[in-house]
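> mind folding the following:
(2 chains)
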Amino acid sequence: MPEFHRYSYDVLVIGAGGAGLRAAIEAAANGAKVGVVCKSLLGKAHTVMAEGGIAAALANVDDRDNWRVHFADTMRGGQYLNNWRMAELHAKEAPECVRELEAWGALFDRTKDGRILQRNFGGHKYPRLAHVGDRTGLEMIRTLQDHGIHCGMEVHMECTVLSLLLDSGRIAGACGYDREKGHFHLWQAKAVVVATGGIGRAYKITSNSWEYTGDGLALAYQAGAELQEMEFVQFHPTGMVWPISVRGILVTEGVRGEGGVLRNSEGRRFMFDEIPDLYKDSTADNEEEGWRYTQGDRNARRPPELLTRDHVARCINREVKAGRGTPHGGVFLDIAWIKKHLPKAEEHIKRKLPSMYHQFKQLADLDITKEPMEVGPTTHYMMGGVRVDGDSQMSNVPGLFAAGEAAAGLHGANRLGGNSLSDLVVFGRRAGRFAAEFAKSNKGEPAVDENQLQATAAAALKAFDRGASGENPYQIQYDLQEAMQDLVGIVRTESEMQQALTKIADLQTRAEQVGIAGHRQYNNGWHTAIDLASLLLVSEAITRAALLRKESRGAQFREDFPNKDSEWGKYNIVIKRGADGEMLVEKRALPPMTDELQAVIQEMK
Amino acid sequence: MATQAMFRIWRGDPEGGAFQDFVTPVEEGMVVLDAVHRIQAQQAPDLALRWNCKAGKCGSCSAEINGMPKLMCMTRLSNLNLDMPIILEPMHTFPVIRDLVTDVSWNFRAKKTIKQFRPRSPDLPDGTWRMQQADVERVQEFRKCIECFLCQDVCHVLREHHKEDEFIGPRLLVYVAALEMHPLDSEDRVSDLKKKHNIGYCNITTCCRQVCPESITITENAIIPLKERVVDRFFDPLKQLFHIL
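Next comes the predicted model:
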């Protein structure tokens, strides 16, 4: 019988990206004993890849900005499926959370008068993104990490959670294993915060690292929590397309914010060709006005390159499919052209976009100050996740919270760039505080079911019994990525998604036969095998939700239902586990918005 | 470009290990990490390595490639001689866990011994501060650090002499520099630098600066200014004279 190392906490946080660390800091500040479990080393989570900035209506650059504009922008971007309470809290609390980061040592770029500088980004009416060149995520995670290690939390690095534990319906902790030795661990806890990020590894072309296999979503689902908005997967319009080995790696939207433009192989700025009605009045209709906007002209309207990500991704897709793509199947993103307008453009680009310069120079042998980049859509972000209460971030399972990308609600059908980093700190903080409060008011130590522990460990070790003759876990993952990319990607149809369901079912059967050679110590094959269960589960959830939503809205584009349907605008899609383990998919009516917030939306139209 | 390449990868654990050869197809534009992933997926599923971002931003895939400390994700095959086997080893300074994975936990423990950021009181009643871009930029260079620990790997104080209990190494000296030169910081770490972190052990051979994948000017911009602060405080002859008088 496998042994378990045992720990006991008030609050256990799963995940150590921006949301997890912020939750842990807040829970500790509220007097909770806090444990953090993360799959990688501390400070390596995907937050480091966030480039453009953190959205907050500080109004440092444009004094017309305030929470109401930010709220309305977020709702418009999410096509009004957002949890409006979360959108409200987010817009109101983001400025405070940014200032908090500064008080903990973050060094944002400055305005001339020494305040935090803000830049333009897609879907944001005013310059709103506090940033550090194009490495804002690194600044944020390092700030939280360096602050957090002095807050008294215990960090369990390189551990994967296998199962959440319940005691009569209430959360009781989690169990899992460490990579280094392959030992099993039990983390008992009165409250658990899931902050495990996204699901990008379900797709072949993705900006996400190996970690993002939807673990938190799958764990919460298995524990009885409801998932929501799973059909909305954000394909970031600009990922690298060449060399093939870096396909999918993110090229920040900041390139376009700084004046970068998209062109097809004919040299045409195709983004001017189609501007959605929602944004017609606020989008420039000529190149000159668009350029002035990026340079801070308050009277200019934004260039169409800065429309929402879902729209830009589809336009790029359209150009490539119509045969107007680049040699490697993308379109051109050109920042070098600004030398026409700016003296010393080269230095300017290197200063504003240092890591983009570095990334292309080193990985593609391309100097972005001289040549255009080749870019195409890449799977980037999951709008969906655990359905939570807007104020407390608690799911329908008592004591189980979720924050950041793993939680659903804030972004609705499409996330605006920059709203993720602010999401992490605003709702990480809330989840941490409410989890600590939950732990305080539910004093008794929840009991742990020893049988469940043993069954979980035994299931995790099965792959070793089959050894090298079992199914190759890497191959199954690859086949799943291929299926999701081809059949449940940017453009979706009923028949292809039905095929995807068949394939996923087949892969689930194969995953049960997965085999691993060797031993438990730092065995990447074993880790890949274990992650398959979560990946397959979230892939099925995405497909089923996308099938049910028979319309095109935000990140979901259905070729067989190409229009937005106002009837569907009244519902979220909720996914939960049925009594016999089957996946239930249902429509859930949106709660009515308060009159005050409705008035804000009307006013900002 | 060659169509295949041989990778000679060290495989083992704390008990010991040996090099194992793998031949794998290669294509234009590939980096070392791609080849290792291919070997892992097709030939050695239990090969242990760390990686995350694949873009030089997270600092997970540090290794020694043909004897040079590098990030596997940022080392292009076109810059290596593929007629010879490419030798991959774990970082030597840290204890091996398995194959290319080492135990870097000391870095996290050592960081905790450094006094944390302590800002001065806010400049304005609304709780905010004012800083100039030029002052911020000096520190932003240090804050580019991705904690790959390649500088620690190559530092002879750690690599040859294993002074981990006495010396914090270049990464953490850069961290101290970022704190000490932070426009808002009001903490004093100069005494700790001398007595606790033993900055004097560094004899500025610049090895750390040469391997930094973020091109941080570790020696000249971070370590030497810190050494100067220590010298100013503890070894200024005039000050010592006043002290005696």
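> and the nearest residue to A:Glu229 once chain neighbours are set aside, how many neighbours?
Once flanking residues are discounted, A:Glu229 sits nearest to A:Gly384: 3.6 Å by CB to CB, 6 or more residues apart in numbering or on different chains. Just so you know, the C-beta spots here come from the backbone N, C-alpha and C atoms, and that holds for glycine as well. Counted with other CB atoms under 10 Å in any protein chain shown, residues neighbouring A:Gly384 total 31.
> what of A:Gln598?
Counted by other CB under 10 Å, the residues lying close to A:Gln598 total 12.
> can you check A:Arg179 too?
Applying other CB under 10 Å, we find 24 other residues in the vicinity of A:Arg179.
> contacts only, for A:Phe4.
A:Cys175, A:Phe184, A:His185, A:Leu186, A:Leu453, A:Ala457 (CB atoms under 8 Å, 6 or more residues apart in numbering or on different chains).
> report pLDDT for the fifth one.
Right, A:Leu453. pLDDT for A:Leu453: 96.
> what does the stretch 501-605 of chain A put close to chain B?
The stretch 501-605 of chain A comes close to chain B at residues A:Ile516, A:Ala517, A:Gly518, A:His519, A:Gln521, A:Tyr522, A:Asn523, A:Asn524, A:Gly525, A:Trp526, A:Thr528, as judged by CB under 8 Å from any CB of the partner chain.
> for the residue nearest to A:Glu229, grab phi and psi.
Main-chain dihedrals, A:Gly384, degrees, to the nearest 10: phi -80, psi 180.
> so it sits against A:Ala408, correct?
Yes. A:Gly384 is in contact with A:Ala408 according to CB atoms under 8 Å; the separation is 4.9 Å.
> returning to that earlier point: and the residue nearest to A:Glu229, what does it touch?
Under the contact definition (CB under 8 Å, 6+ apart), the residues listed for A:Gly384 are A:Leu217, A:Leu227, A:Gln228, A:Glu229, A:Met230, A:Glu231, A:Phe232, A:Val233, A:Ala408, A:Ala541, A:Ile542, A:Ala545.
> could you find the closest non-adjacent residue to residue 33?
Chain wasn't specified; assuming chain A. That would be A:Asp10: by CB to CB, 6+ apart, it lies 4.7 Å from A:Lys33.
> can you look at chain B instead?
B:Met72 (4.0 Å).
> please tell me how far the one you found sits from A:Ile601.
49 Å (CB to CB, to the nearest Å).
> these two: who's more crowded?
Under the criterion of other CB under 10 Å, the comparison of B:Met72 against A:Ile601 puts B:Met72 first, with 23 against 16.
> surely the more buried one touches B:Asn66?
No. Using CB under 8 Å, B:Met72 is not in contact with B:Asn66, being 11.9 Å away.
> what stretches of the chain score poorly on pLDDT?
Just so you know, I chose chain A. Chain A contains no residues with pLDDT under 70.
> should've been chain B
Scanning chain B for pLDDT under 70 picks out the ranges B:1, B:245.
> quick one: the helices in it?
Using DSSP state H, the helices of chain B run over B:32-42, B:105-112, B:133-143, B:150-154, B:156-159, B:169-180, B:190-195, B:207-211, B:224-234, B:237-244.
> how much space between the closest residue to chain B within the stretch 501-605 of chain A and B:Asn52?
Nearest residue of the stretch 501-605 of chain A to chain B: A:Gly525, at 3.3 Å (CB to the nearest CB). Separation of A:Gly525 from B:Asn52 (CB to CB) stands at 18 Å.
> and the gap between the closest residue to chain B within chain A and B:Glu28?
Going by CB to the nearest CB, chain B is nearest to A:Pro243 of chain A, at 2.3 Å. Distance, A:Pro243 to B:Glu28, by CB to CB: 7 Å.
> those two: who's more crowded?
Neighbour comparison, A:Pro243 and B:Glu28: the larger count goes to A:Pro243, with 19 against 12 (by other CB under 10 Å).
> name the SS class of the residue nearest to A:Ala458 when sequence neighbours are not counted, please.
Residue nearest to A:Ala458 in three dimensions, not counting chain neighbours: A:Pro2, with 7.5 Å by CB to CB, 6+ apart. Of the three states, A:Pro2 takes coil under DSSP: H, G, I helix; E, B strand; the rest coil.
> what residues does the stretch 251-400 of chain A put near chain B?
With CB under 8 Å from any CB as the criterion, the stretch 251-400 of chain A meets chain B at residues A:Ser355, A:His358, A:Gln359, A:Gln362, A:Leu363, A:Ala364.
> make JSON lines out of the residues of the stretch 501-605 of chain A next to chain B and add secondary structure and neighbour count.
Output for those, formatted as JSON lines (DSSP: H, G, I helix; E, B strand; the rest coil; neighbours: other CB atoms under 10 Å in any protein chain shown):
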{"residue": "A:Ile516", "secondary structure": "coil", "neighbour count": "28"}
{"residue": "A:Ala517", "secondary structure": "coil", "neighbour count": "17"}
{"residue": "A:Gly518", "secondary structure": "coil", "neighbour count": "19"}
{"residue": "A:His519", "secondary structure": "coil", "neighbour count": "14"}
{"residue": "A:Gln521", "secondary structure": "coil", "neighbour count": "20"}
{"residue": "A:Tyr522", "secondary structure": "coil", "neighbour count": "25"}
{"residue": "A:Asn523", "secondary structure": "coil", "neighbour count": "23"}
{"residue": "A:Asn524", "secondary structure": "helix", "neighbour count": "27"}
{"residue": "A:Gly525", "secondary structure": "helix", "neighbour count": "24"}
{"residue": "A:Trp526", "secondary structure": "helix", "neighbour count": "27"}
{"residue": "A:Thr528", "secondary structure": "helix", "neighbour count": "25"}
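> identify the residue nearest B:Cys73 in space, chain neighbours excluded?
Nearest-residue entry for B:Cys73: B:Leu33, 4.4 Å, with adjacent residues in sequence omitted and distances by CB to CB, 6+ apart.
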